[in-house]
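[1] Just need the structure, nothing else, for what follows:
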Amino acid sequence: MPKSKKKYASKNTLALFFIALPGITYLIINNYIPIVGTFIAFKKFSYAKGIWGSPWCGLDNFKFLFLTDDAWVITRNTLLYNLAFIVIGTVVSVIFAILLHELGELLRGKFFQSVLLFPHLLSWVVTAYLVYALLGSTTGFVNNTILDALGKKGVDWYTAKTAWPFILVIVYLWKNAGYNAIVYMAGIAGIDKEIYEAAKIDGASKLKQITAITLPLLRPTIIIMTLMAIGRVFYSDFGLFYQVPMNAGTLFSTTQTIDTYVYRGLMEQGNVGMSSAAGVYQSLVGFALVMIANFIVRKKDPENALF
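    Numbers count the residues shown, from 1 in each chain. You can find the predicted model right below:
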């Protein structure tokens, strides 16, 4: 390579590095430096003795976390909710993305895309009060308008355990499906338009174009998004499971996850070691699941694997 081109490439690389520097700095401070504190999970932390002075306790923090009566409940809830979010969320987001793409650039850009993205920008506190406005036992829209018009008795939703798995899934979809749909829309936008034109010439209907062109070519994006979601299958969206049910104790059996259990244990008992142990456990399981899922994808479809 000529010296002039090498100099240009070097300057271009340096410019890109400075653009990426804020994001790299954030990742180092927020994601990598805290890894040093992993050893707290193996200590009986004492505020008086500090991090370094606290005695080692082996795996006692892990035993305390997973030998309690609630261990099965919080693990079951965390896994099942995340699996539902991955499967149902992916299906709904892909459908939204296809529908938005079919609307055309004018309508999509000016209205529908903004409407779908707006819920994702709301905080969970605001979302929780919107849900309460719908489900409140005395002033809620559902009880006082819908059920009352149907001649049915109002329901105390914040004690109805069986309803909350459905409520939480619906709230999750309302808040996140639009954002994920935009990611899939970007994948659809990258598909060569000549493929669709050739399909039209061959007489393919719109449904046939979706099933034979859009979905197969969107598969790499779906696989990557799914693999990323699998990595966090042992984590839960704290705001969804803590704020939306309004921290109602009667709903703990259906709304409590590992994250909310650890938060309550930390706030009520001040058990830093147990909280750290939960974080280590979630990270290790998430890493293992990503490796396993990626291994399976690599065996079946090497081109779409993460690595």
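
[2] I'd like the distance between residue 185 and residue 111.
    Noted for residue 185: a distance of 14 Å to residue 111, by CB to CB, to the nearest Å. C-betas here are computed from N, CA, C, even on glycine.

[3] Show me which of the two is the more surrounded one.
    residue 185 (23 against 11; other CB atoms under 10 Å).

[4] How much space separates that one from residue 38?
    Per CB to CB, residue 185 is found 38 Å from residue 38.

[5] Same check on residue 80?
    On the measure of CB to CB, residue 80 and residue 38 end up 28 Å apart.

[6] try residue 276
    Going from residue 276 to residue 38 by CB to CB gives 7 Å.

[7] Compare those two and say which is more crowded by neighbours.
    Legend: neighbour count by other CB under 10 Å for residue 276 and residue 38, higher for residue 276 (21 against 13).

[8] show me the contacts for that one.
    Residues in contact with residue 276 (CB atoms under 8 Å, 6 or more residues apart in numbering) are 37-38, 40-41, 45, 61.

[9] repeat that for 7 Å
    Contact partners of residue 276, counting by CB atoms under 7 Å, 6 or more residues apart in numbering, are 40-41.

[10] which element follows the helix or strand bottoming out on mean pLDDT in the chain toward the C-terminus?
    When the helices and strands of the chain are scored by mean pLDDT, DSSP states H and E, helix 105-107 comes last with a mean of 63. Using DSSP states H and E, the helix or strand that follows helix 105-107 in sequence is helix 113-121.

[11] just checking, what packs against the helix or strand just after that following helix?
    Remark: after helix 113-121, the chain's next helix or strand is helix 124-135, criterion DSSP H and E. Packing partners of helix 124-135 (3 or more CB pairs under 7 Å, 6 or more residues apart in numbering; DSSP states H and E): helix 164-189.

[12] Buried ones in stretch 278-287, by neighbour count?
    Neighbour-count burial for stretch 278-287 flags 278-283, 286 (criterion: 16 or more other CB atoms under 10 Å).

[13] Can you tell me which of those residues is nearest residue 229?
    residue 286 (10.3 Å; CB to CB).

[14] Let me know how buried the residue nearest to residue 251 when sequence neighbours are not counted is, in neighbour terms.
    Among residues not flanking residue 251 along the chain, residue 245 sits closest, at 4.9 Å (CB to CB, 6 or more residues apart in numbering). Residue 245 has 25 neighbours, counted by other CB under 10 Å.

[15] Helix, strand or coil: sort out residue 245 for me.
    Put simply, residue 245 is coil when judged by DSSP: H, G, I helix; E, B strand; the rest coil.

[16] Tell me the backbone dihedrals of it, please.
    Main-chain torsions, residue 245, degrees, to the nearest 10: phi -80, psi 0.

[17] Checking residue 155 next. Helix, strand or coil?
    coil.

[18] what sits against residue 262?
    Taking CB under 7 Å, 6+ apart, one finds 274-275, 278 in contact with residue 262.

[19] Apply 10 Å and report the result again.
    Contacts of residue 262 were listed using CB atoms under 10 Å, 6 or more residues apart in numbering, and they are 65, 74, 238, 271, 274-279, 281-282.

[20] Which strand or helix spans it?
    Here residue 262 sits within helix 258-269, counting by DSSP H and E.

[21] Would you mind listing the buried residues in that helix?
    Neighbour-count burial for helix 258-269 flags 258-263, 265 (criterion: 16+ other CB under 10 Å).

[22] could you check the angle helix 258-269 makes with the following helix or strand past it?
    As assigned by DSSP H and E, the chain's next helix or strand after helix 258-269 is helix 272-300. Calculated by axes from the mean of the first three to the mean of the last three CA atoms, to 10 degrees, helix 272-300 forms an angle of 170 degrees with helix 258-269.

[23] centre of the chain versus helix 272-300, how much separation?
    15 Å (CA atoms, centre = their mean, to the nearest Å).

[24] what's the model's confidence in it, averaged?
    Mean pLDDT, helix 272-300: 82.

[25] Need the phi and psi values for the residue lying closest to residue 53 once chain neighbours are set aside.
    Using CB to CB, 6+ apart and skipping the chain neighbours, the partner closest in space to residue 53 is residue 46 (7.3 Å). Here is the backbone geometry of residue 46 (degrees, to the nearest 10): phi -130, psi 130.

[26] Lovely, talk soon.
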